[in-house]
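Peer 1: quick one, fold the following:
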Amino acid sequence: MTAAQFPIEAGHVMTFARAIGDFNPVYHDADQASTSEVGAIIAPPTFVQASAQYDPDYPLRPQPGVAWFGSGATPSGRVPDAEPAATTQESGSEKSGGTGLHAEQHYEYHRPVRAGEVLTLTVRPGKAWEKQGRRGGLLQFRETIIEYRGENGELAVTARGVGVRTAQTVRD
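Peer 2: Predicted coordinates:
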């Protein structure tokens, strides 16, 4: 992930909450939110994943004139050899797709994320391990850790994602 900063905009928070079907007024009504424990509009759980939309290199973000993941013709929408493979931070899978899978996502909230603040992201690799698959293929797991910090450097959220890839083609 190359997006270094993530603005927490009230309208974005409201739209995200509506998209996940959570109509709690603390996500959209400033008057109601002011009477809550936090005293302000906050972001719902998993909202920090939306920071990927601020990353110009995020492989699932459509780009004008470029085939994108899910655009058709091939299982991923991309031709595997048409572009150099690049590893995504979230899943550890290659941008050209086909062999990677987002396996897990964990969020640890250290404090509420408030509308109006700007979070700074730090991405680092986590653990990596391998496991023998049930059909004989080797599975490679890779964890990525993203820390979201407020303007004063205070840790707000730690996100841990795990990607898995097959190391070789598995045949039935």
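Peer 1: in three-state terms, how would the closest residue to residue 109 other than its chain neighbours be classified?
Peer 2: Setting aside the residues directly before and after it, residue 109 is nearest to residue 157 in space (CB to CB, 6 or more residues apart in numbering), at 5.5 Å. Backbone N, C-alpha and C define where each C-beta goes, glycine included. When classified by DSSP: H, G, I helix; E, B strand; the rest coil, residue 157 comes out as strand.
Peer 1: residues in contact with the residue lying closest to residue 146 once chain neighbours are set aside?
Peer 2: Closest residue to residue 146 apart from its sequence neighbours, by CB to CB, 6+ apart: residue 159 at 4.5 Å. Contact partners of residue 159, counting by CB atoms under 8 Å, 6 or more residues apart in numbering, are 48, 49, 105, 106, 107, 108, 145, 146, 147, 148.
Peer 1: recalculate using a threshold of 7 Å.
Peer 2: 48, 107, 146 (CB atoms under 7 Å, 6 or more residues apart in numbering).
Peer 1: surely the second one is within a strand?
Peer 2: Yes. Counting by three-state DSSP, residue 107 is part of a strand.
Peer 1: that older thread, same list (the contacts of residue 159) but as a markdown table, adding pLDDT, neighbour count and distance to residue 119.
Peer 2: Output for those, formatted as a markdown table (pLDDT from 0 to 100; neighbours: other CB atoms under 10 Å; distance: CB to CB, whole Å):
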| residue | pLDDT | neighbour count | distance to residue 119 |
| --- | --- | --- | --- |
| 48 | 95 | 22 | 7 |
| 107 | 97 | 16 | 13 |
| 146 | 96 | 23 | 10 |
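Peer 1: longest helix in this protein, please.
Peer 2: Of all the segments assigned as helix in the chain under DSSP state H, the longest by residue count is helix 10-19.
Peer 1: picking up where we left off before, mind checking how far the residue nearest to residue 146 is from residue 17?
Peer 2: 18 Å (CB to CB, to the nearest Å).
Peer 1: follow-up on the earlier one: any chance of the contacts of residue 159 in TSV, with distance to residue 126 too?
Peer 2: TSV is the format used below for the contacts of residue 159 (distance: CB to CB, whole Å):
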residue	distance to residue 126
48	16
107	14
146	10
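Peer 1: contact partners for the residue nearest to residue 24 when sequence neighbours are not counted?
Peer 2: Nearest residue to residue 24, sequence neighbours excluded (CB to CB, 6+ apart): residue 17, at 7.0 Å. By CB under 7 Å, 6+ apart, the contact list for residue 17 reads 27, 28, 44.
Peer 1: among those, name the ones in strands.
Peer 2: The strands, defined by DSSP state E, take in nothing from these.
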